[in-house]
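Undergrad: Have a look at this fold, sequence not included:
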């Protein structure tokens, strides 16, 4: 189990600002609101704990400005930032050993974090576009839970659940992961990262399928719902010409009719073999190009972050303060 110690903060200034904000008029989390969320989280933390604070510094000073406003001491992790997802991955590696880490972002932010620290104790707060992994939770109580978790010796397994992860092995290339979905599309180039054309979907593996969600999880949820707690994955084969269709929320403010060939559940560890040409989209971001004949193997395992249930922490401790 991860050791106890500091509370970490990673706030992604780029989350919640992609092209879907324009095409679908989705909600925008501006940096002022993110910094305000960090401030409330810090107040909750300090109400319950004197734990050290470590954070990822960014050009927008999301965490730093909140710390300065409150007069709290904290240490920035030693990471050279360039404004990419790699900043979050490096910060995760630098935060190893923290008792809890609060992330502000979407599925992509948390995936980037998990790439640097797979079994981290996370409190993921939603400020992204497709938010199947992080949750909408008041930051004040999230900070309080983080403080209590590191200061009260609460067993992590009593208040957190281990997330499933899709492990992606690609011939002759570095492996990768996804927390929610990995999708093969008929695209030849990455271009715009967001999945946009449902007619190009080939196959997908999902760790959860929820009709109330957005993106791939919505497609799966309208065909064969799968809970995050279920020890299984969902595999979908697409067929744009199929008469078997599902209407699902592909993005915020956008429903599409999508042709399906078949869906099936897979046991944890069961492989899905895919072959290029195509592009692999991981948690909604088209990132990995498969050349003609290049193979990729996907497997879902329950070896990801420990996702902390804020309510469980607060209920376990009660409301008696420190």
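TA: Perfect, thanks for sending it. Given the structure is predicted, the values throughout are model-derived calculations rather than measurements. Numbering: from 1, shown residues only.

Undergrad: C-alpha from now on. contacts and neighbour counts both.
TA: Fine.

Undergrad: in the protein, which spans are helices?
TA: Along the chain, the stretches classed as helices by DSSP state H are 20-23, 31-48, 62-70, 85-94, 107-116, 139-151, 156-159, 216-221, 310-317.

Undergrad: The fourth one: how far from the chain's middle?
TA: Think helix 85-94. Put simply, helix 85-94 sits 14 Å off its chain's centre (Cα atoms, centre = their mean, to the nearest Å).

Undergrad: which secondary structure elements does that helix contact?
TA: In terms of contacts (3 or more Cα pairs under 8 Å, 6 or more residues apart in numbering; DSSP states H and E), helix 85-94 is packed against helix 107-116.

Undergrad: How far does the helix it packs on sit from its chain's centre?
TA: Between the centre of helix 107-116 and the centre of its chain there are 6 Å (Cα atoms, centre = their mean).

Undergrad: Mean confidence (pLDDT) on that helix, please.
TA: Computed over helix 107-116, the mean pLDDT rounds to 96.

Undergrad: who's in contact with it?
TA: For helix 107-116, the surrounding residues in contact (Cα atoms under 8 Å, 6 or more residues apart in numbering) are 12, 15, 85-86, 88-93, 103, 120, 124, 128, 130-134, 176-180, 283-285, 304-305.

Undergrad: residue farthest from the centroid of this protein?
TA: Residue farthest from the centre of the chain, counting by Cα atoms, centre = their mean, is residue 243 at 32.9 Å.

Undergrad: which residues does that one contact?
TA: Listed by Cα under 8 Å, 6+ apart, the contact partners of residue 243 are 259, 260.

Undergrad: Residue 147 and residue 83: what is the separation?
TA: 28 Å (Cα to Cα, to the nearest Å).

Undergrad: From the neighbour counts alone, determine which of the two ranks first.
TA: residue 147 (28 against 14; other Cα atoms under 10 Å).

Undergrad: which ones are touching residue 210?
TA: So residue 210 contacts 217, 218, 219, 220, 221, 222, 225, 226, 227 (Cα under 8 Å, 6+ apart).

Undergrad: Got phi/psi on it?
TA: The phi/psi pair for residue 210 (degrees, to the nearest 10) reads phi -140, psi 120.

Undergrad: Setting aside sequence neighbours, what's the nearest residue to it?
TA: Distances taken as Cα to Cα, 6 or more residues apart in numbering put residue 221 closest to residue 210, at 4.0 Å, once the chain neighbours are dropped.

Undergrad: List the contacts of that neighbour.
TA: Taking Cα under 8 Å, 6+ apart as the test, what residue 221 contacts is 209, 210, 211, 212, 213.

Undergrad: and the residues you listed, which two are the farthest apart?
TA: Greatest spatial distance among those (Cα to Cα): 209 and 212, at 9.0 Å.

Undergrad: what touches both of those two?
TA: 218, 221.

Undergrad: who's more crowded, the two?
TA: Per other Cα under 10 Å, whichever of residue 209 and residue 212 has more neighbours is residue 209, with 27 against 13.

Undergrad: filter the contacts of helix 107-116 to the buried ones?
TA: 12, 15, 85-86, 88-93, 103, 120, 124, 128, 130-134, 177-180, 283-285, 304-305 (16 or more other Cα atoms under 10 Å).

Undergrad: What about these, which are in strands?
TA: The strands, defined by DSSP state E, take in 103, 124, 177, 178, 285 from these.

Undergrad: which residue packs closest to residue 59, ignoring adjacent ones?
TA: Per Cα to Cα, 6+ apart, closest to residue 59 is residue 83, 7.7 Å.

Undergrad: Quick check: that neighbour vs residue 312, distance?
TA: From residue 83 to residue 312 the distance is 34 Å (Cα to Cα).

Undergrad: do residue 208 as well
TA: Applying Cα to Cα to residue 208 and residue 312 gives a distance of 22 Å.

Undergrad: Which one's more surrounded, these two?
TA: When residue 208 and residue 312 are compared for neighbours, residue 208 comes out ahead with 28 against 14, by other Cα under 10 Å.

Undergrad: got a list of what the more buried one touches?
TA: 180, 217, 220, 225, 226, 227, 228, 233, 234.

Undergrad: buried sites along the strand ranked longest in the chain?
TA: Assignment by DSSP E gives strand 254-267 as the longest strand of the chain. For strand 254-267, the neighbour count (16+ other Cα under 10 Å) marks 257, 258, 259, 260, 261, 263, 265, 266 as buried.

Undergrad: Excluding residues flanking it in the chain, which one is nearest the fourth one?
TA: Taking Cα to Cα, 6+ apart as the measure, residue 260 lies nearest to residue 238, with 4.4 Å between them; neighbours along the chain are not counted.
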